[in-house]
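[1] Quick check, what structure comes out for this input:
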Amino acid sequence: MDLPVVVNIVSSAKLTERPANLASIDLPNKKYIPERFPALISRNPDLGGTVMLYPNGSITTSGAKTMKQTDDLIKLVESVCGSTAENFKVNNIVARLDAGVRPDLERMANENASVSYEPEIICAAIFKVTPATVMVFYTGNGIVTGCKTFDQLKTCYQETLDFLYGYKR
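    Numbers count the residues shown, from 1 in each chain. Predicted coordinates for the structure are as follows:
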């Protein structure tokens with residue numbers, strides 16, 4: 001079984017030493033406007049993501065599609081700041097799925113109280129597959145968000161496919 005296509009991994013870590021001055025940190029494509037947003041933002045298309053470095057040493061990465069890209073972003077901050085990062089964790093994995101079937105969203109919502117489907121507001125059914133939230137469109141394409149590990153994503157994906165096949169048109 002293939003996994004859905006990962007489109008974003010959001011992670012966080014904390015430097016062991018607080019950066020002395022964010023304005024002096026030399027990260028590529030950096031933007032630091034503390035009056036607008038307290039973090040230094042560095043967009044790194046070569047590494048596949050964006051890093052936000054806060055004055056307290058907290059790091060947030062987003063936009064990476066693999067764990068290697070996430071690790072590379074953290075390592076970049078470590079090398080530029082001369083400090084090591086600890087307490088690394090993945091906060092969210094966002095993935096795209098293709099069920100390969102066109103589910104009957106209206107019937108799915110009518111038969112399951114946990115499925116939200118309001119086509120006047122959004123043309124997708126939304127439901128929980130613990131720990132994730134899944135949004136599926138009438139085409140069978142969808143989005144999975146809320147997983148913190150690839151094992152969770154794999155389990156969620158399989159449970160979602162099994163559920164959607166029960167409502168195949």
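
[2] Every contact and neighbour count from this point should use C-alpha atoms.
    OK.

[3] Let me know the average pLDDT across stretch 49-69.
    Mean pLDDT, stretch 49-69: 96.

[4] For it, which outside residues touch it?
    With contact meaning C-alpha atoms under 8 Å, 6 or more residues apart in numbering, stretch 49-69 is reached by 6-19, 21-22, 38-44, 47-48, 70, 73-74.

[5] how long is it from one end to the other?
    When the termini of stretch 49-69 are compared using C-alpha to C-alpha, to the nearest Å, they are 7 Å apart.

[6] filter the contacts of stretch 49-69 to the buried ones?
    By neighbour count, with 16 or more other C-alpha atoms under 10 Å, the contacts of stretch 49-69 hold 6-16, 19, 22, 39-44, 47-48, 70, 73-74 as buried.

[7] Quick check: helices, which of those residues are part of them?
    Among those, the members falling in helices are Thr70, Leu73, Ile74 (criterion: DSSP state H).

[8] Return the residues in contact with the second one.
    Yep, that's Leu73 we're talking about. Applying C-alpha under 8 Å, 6+ apart to Leu73 gives the contacts Leu47, Gly49, Thr50, Val51, Thr61.

[9] For the one helix or strand the last one maps to, which strands pair with it and how are they oriented?
    Looking back up the chat, that one is Thr61. According to DSSP states H and E, Thr61 maps onto strand 58-64. Counting by DSSP bridges, the strands paired with strand 58-64 are strand 5-15 (antiparallel), strand 49-53 (antiparallel).
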